[in-house]
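Asks: Output the structure for:
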Amino acid sequence: MSAAILAVDGGQSGIRLQVSGSEKIIETHGASRLEGEVLSRVHDLIVEAVNEQIPEHIDLAVLGLTTSPSDKSKGLDLARRLGESLKLSRVLVTDDSVTHHASHFQGAPGVALAIGTGVACMSVGGDGKRTFSVSGYGYLLGDDGGAFSIGRNALRLVLDNQFLGPESELTRLAVSHFGPMEALAAEVHSGPRPVNAISQFARAVLELAETSQEALSIVNSAARDLSKSVQRAISAAGLNQAATTLSWAGRLFDGSSLATEALEKTLADEIPGLTIRNEASNPLAGAFWLGQVDEFGPYEHMIQVWKA
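Replies: Numbering: from 1, shown residues only. Reported below is the predicted structural model:
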């Protein structure tokens, strides 16, 4: 019997875990850089979930993290700490854009777009040797088109327009989520998990877009931002757009036919010839694939490996 692999998909809104051979997916709290020492929190959340809900012995863990550190020593330190805490023989730590791309392409050329709290858009060039990550800069620097961006833009529009006319549907929606207008900005900032709260608000904005022009304008803007990321990914990798496949996924957009149509129409209009696939994303499957292969191909430089 092959050794059990623990796959981890670590986001800001939630962390998901799965053991190879099991269909059960365990979900726990996410970790944001706003919430103290993020890698310690990731470690603690994973260890707690494993100890409480995974009785079988695990040999290898593969972590695809939104908060994966750019500093290799910090990634290795997290891998070591987790390996020692769970008595593992090997731990891989990488960015969630890698596990997302691997779930669709397994190292082959193409563009993978993941829309979550933030945005991950990665391409692999035609030679299959390099990756190009063109988004996922975090909530301070971008992630345009993701849930946090949509929620933030909606709240900003509400705040900017509060003295310009009658109360809109979008304003009423914001007040219902965060409280009276006069305290809305302060309430958002003082909440325990503001990034998550703003991101969750995006779901309500997408629902409202069915009847509100204000909300629809935010959705259309997000579609344009996502299209720009895909264009950058194609250009960076030197791909021929007419021969390129994009696989995109995101539960936020999947739950809104209007948002899906806006995105795919924008992509088709702005990137003629692009093959567009809306496929259910499973970064956990990408993590399992990385845990089973001997060589990581184009992802090699983005993966930190610790061995006992």
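Asks: Please, where are all the helices along the stretch 51-200 of the chain?
Replies: With DSSP state H, counting those that start in this stretch as the criterion, the stretch 51-200 of the chain has helices at 72-86, 96-105, 147-160, 169-178, 181-190, 194-208.
Asks: what is the rounded mean pLDDT of the first one?
Replies: What it means is helix 72-86. For helix 72-86, mean pLDDT is 91.
Asks: helices and strands around that helix, which ones?
Replies: If you count contacts as 3 or more CB pairs under 8 Å, 6 or more residues apart in numbering; DSSP states H and E, helix 72-86 packs onto helix 38-53, strand 60-65, strand 90-95, strand 304-307. In short, each C-beta sits where N, CA and C put it, glycine included.
Asks: switch the cut-off to 6 Å
Replies: Other helices and strands packing on helix 72-86, by 3 or more CB pairs under 6 Å, 6 or more residues apart in numbering; DSSP states H and E, are helix 38-53, strand 90-95, strand 304-307.
Asks: For those, give me TSV that also has mean pLDDT, mean neighbour count and distance to Leu184.
Replies: TSV is the format used below for the helices and strands packed on helix 72-86 (pLDDT from 0 to 100; neighbours: other CB atoms under 10 Å; distance: least, CB to CB, whole Å):
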stretch	mean pLDDT	mean neighbour count	distance to Leu184
helix 38-53	88	17	27
strand 90-95	94	24	34
strand 304-307	94	17	41
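Asks: out of those, nearest to Lys72?
Replies: Evaluated with CB to CB, the helices and strands packed on helix 72-86 place strand 304-307 nearest to Lys72, the distance being 5.8 Å.
Asks: and of the helices and strands packed on helix 72-86, who's closest to Leu216?
Replies: Once those are compared by CB to CB, strand 90-95 is nearest, at 32.2 Å.
Asks: so where's the stretch 1-150 of the chain uncertain?
Replies: For the stretch 1-150 of the chain, the stretches flagged by pLDDT under 70 are 1-2, 12, 30-36, 70.
Asks: Please repeat the previous calculation with a cut-off of 50.
Replies: For the stretch 1-150 of the chain, the stretches flagged by pLDDT under 50 are 1.
Asks: Help me confirm that Gln18 is found in a helix?
Replies: No - applying DSSP: H, G, I helix; E, B strand; the rest coil, one finds Gln18 to be strand, outside a helix.
Asks: contacting residues for it?
Replies: Each residue near Gln18 by CB atoms under 6 Å, 6 or more residues apart in numbering is listed here: Ala7, Ile25, Leu284.
Asks: Contact partners for the spatially most central residue of the chain?
Replies: Against the mean C-alpha coordinate of the chain, by CA atoms, centre = their mean, the closest residue is Gly116 at 4.3 Å. The contact partners of Gly116, by CB under 6 Å, 6+ apart, come to Gly11, Gly250.
Asks: Give me the below-cutoff pLDDT ranges for the stretch 201-308 of the chain.
Replies: Using pLDDT under 50, the stretch 201-308 of the chain has no residue that qualifies.
Asks: Against Ile150, how distant is the nearest residue to Ser256 once chain neighbours are set aside?
Replies: For Ser256, ignoring the flanking residues on the chain, the nearest one in space by CB to CB, 6 or more residues apart in numbering is Leu206 at 4.3 Å. Going from Leu206 to Ile150 by CB to CB, to the nearest Å gives 7 Å.
Asks: More neighbours: those two, which one.
Replies: It is Ile150, of Leu206 and Ile150, that has more neighbours when counted by other CB atoms under 10 Å, with 29 against 25.
Asks: residue contacts, the more buried one?
Replies: So Ile150 contacts Ala202, Val205, Ile218, Ala222 (CB under 6 Å, 6+ apart).
Asks: Scan this structure for its longest helix.
Replies: Looking across the chain with DSSP state H, the single longest helix is helix 213-237.
Asks: What is the helix or strand immediately after it in the chain packed up against?
Replies: Downstream of helix 213-237, the first helix or strand assigned by DSSP states H and E is strand 245-249. On a contact count with 3+ CB pairs under 6 Å, 6+ apart, strand 245-249 meets strand 110-115, strand 275-278.
Asks: For the shortest one, which strands pair with it and how are they oriented?
Replies: Sheet partners assigned to strand 275-278 using DSSP bridges are listed as strand 245-249 (parallel).
Asks: and what of the longest one?
Replies: Strand 110-115 has the following strand partners under DSSP bridges: strand 119-124 (antiparallel), strand 245-249 (parallel).
Asks: ok and it relative to helix 147-160, angle-wise?
Replies: In terms of direction (axes from the mean of the first three to the mean of the last three CA atoms, to 10 degrees), strand 110-115 departs from helix 147-160 by 50 degrees.
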